[in-house]
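Sequence plus the predicted model coming up.
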Amino acid sequence: MKTSLQFVAVITGFCAALAFADQPPLPAGLLPSQLEGVGIDEHLGREIDQNLTFIAEDGYPVRLGDYFHKGRPVILNLIYYSCPMLCNLILNGQTEVLKQIPWTPGNEFEIVTISFDPSESFDLARKKKAVYLSDYGRPAPGWHFLTDNEGNAKRLADLVGFKYRYDERQQQCAHAAAIMILTPQAKVARYLYGVRYKPMDVRFALTEAAANRSTFSVERVLLFCYHYDPTVGSYVLFASNFMRAGGVLTVLLIVFYLWRLFREDRRKMARWKEGLV
């Protein structure tokens, strides 16, 4: 018990010490005209259609719901494999953060990477998978690379609020940079933005998406220290948690101190009365 209390005290002290750290700046700047209609509309809590089918890297059709039956959260990537820049940066950033966390795709979570370009074939998905699994450096049976089937990639993108469009002039797709975290019940849980992701953000997002179905973990303690800020697409220190916890702790300490004083006063009074007898 003493060890547990010391652990909680260390965690609380660590988080409280960080509570006054600088917060990430809010995104700024105007959206270029060529990107109008491109972006992400967050649909947190929306359930996606698990009956949507895609073509797997082996050339066979698969049902999206096949990746949600194991009770694991799912990282969803909507990209296209022939993308000259941004999609590679997203997958590179995801691969790098996966190397930094102890969990493995196929054990604690699944990854579903889907091309929204209907012209791309499963052979390209298979080659892309080989490249990234080689870079990952360890088995990842839960990382799946899929291609579109009968326009279902666009239907899925609409469900999660992922808006993109084809640029005829550059012959490329304009799209946002983000990964989506889905619950085991196929509901949208989080959007993590950019092309570089923090291990803490990914672990917290997966932990939240899984609804803490696993045994008690450090993530459940640390999640008290942070909350998800959609304006920056990341987890930030939640100072009000510490203020609330600090307020409760202060009250308890005052009550304990007054109780000690009252008890000591009663003892002194009892000794004084004994001296008069």
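Nice, thanks for sending it over.

can you tell me the distance between the two ends of stretch 52-72?
19 Å (C-alpha to C-alpha, to the nearest Å).

Residues in contact with it: which ones?
48-51, 74, 108-110, 112, 114, 121-123, 125-126, 129, 142, 144-150, 152-153, 155-156, 182, 184-186, 210, 213 (C-beta atoms under 8 Å, 6 or more residues apart in numbering). No exception for glycine: its C-beta is placed from N, CA and C like everyone else's.

Return a ChimeraX selection command for the buried portion of those residues.
Buried members of the contacts of stretch 52-72, defined by 16 or more other C-beta atoms under 10 Å, are picked up in ChimeraX with:
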select :48,74,108,109,110,112,114,122,125,126,129,142,144,145,146,147,148,149,152,153,156,182,184,186,210
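
Extract the CA atoms of the strand or helix carrying Leu159 and return them as CSV.
Using DSSP states H and E, Leu159 falls within helix 152-160. C-alpha atoms of helix 152-160 as CSV (Å, rounded to 0.1, in the frame of the first residue of the first chain):
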residue,chain,number,x,y,z
ASN,A,152,-16.1,2.7,-50.6
ALA,A,153,-12.9,4.7,-49.8
LYS,A,154,-14.8,7.9,-50.5
ARG,A,155,-17.8,6.7,-48.4
LEU,A,156,-15.5,6.0,-45.5
ALA,A,157,-13.7,9.3,-45.9
ASP,A,158,-17.1,11.1,-45.7
LEU,A,159,-18.0,9.2,-42.6
VAL,A,160,-14.8,10.2,-40.7
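
next structured bit after that helix?
strand 162-163.

Parallel or antiparallel, list what pairs with that next one.
With DSSP bridges as the test, strand 162-163 is paired with strand 39-40 (antiparallel).

Quick one: mean pLDDT for the helix or strand following the strand it pairs with?
Sequence order places strand 53-56 as the next helix or strand after strand 39-40, per DSSP H and E. Strand 53-56 comes out with an average pLDDT of 98.

Are we agreed that Ile75 is in a helix?
No - counting by DSSP: H, G, I helix; E, B strand; the rest coil, Ile75 is not found in a helix; it is strand.

Run through the strands of the stretch 101-250 of the chain in chain order.
110-115, 143-147, 162-163, 165-167, 172-174, 178-182, 188-193, 226-229, 234-237 (DSSP state E, counting those that start in this stretch).

Going by contacts, tell me the helices and strands next to the fifth one.
In terms of contact count using 3 or more C-beta pairs under 8 Å, 6 or more residues apart in numbering; DSSP states H and E, strand 172-174 is assigned the packing partners strand 165-167.

Please name the strands paired to the strand it packs on in the sheet, noting orientation.
Next to strand 165-167 in the sheet, as set by DSSP bridges, lie strand 172-174 (antiparallel).
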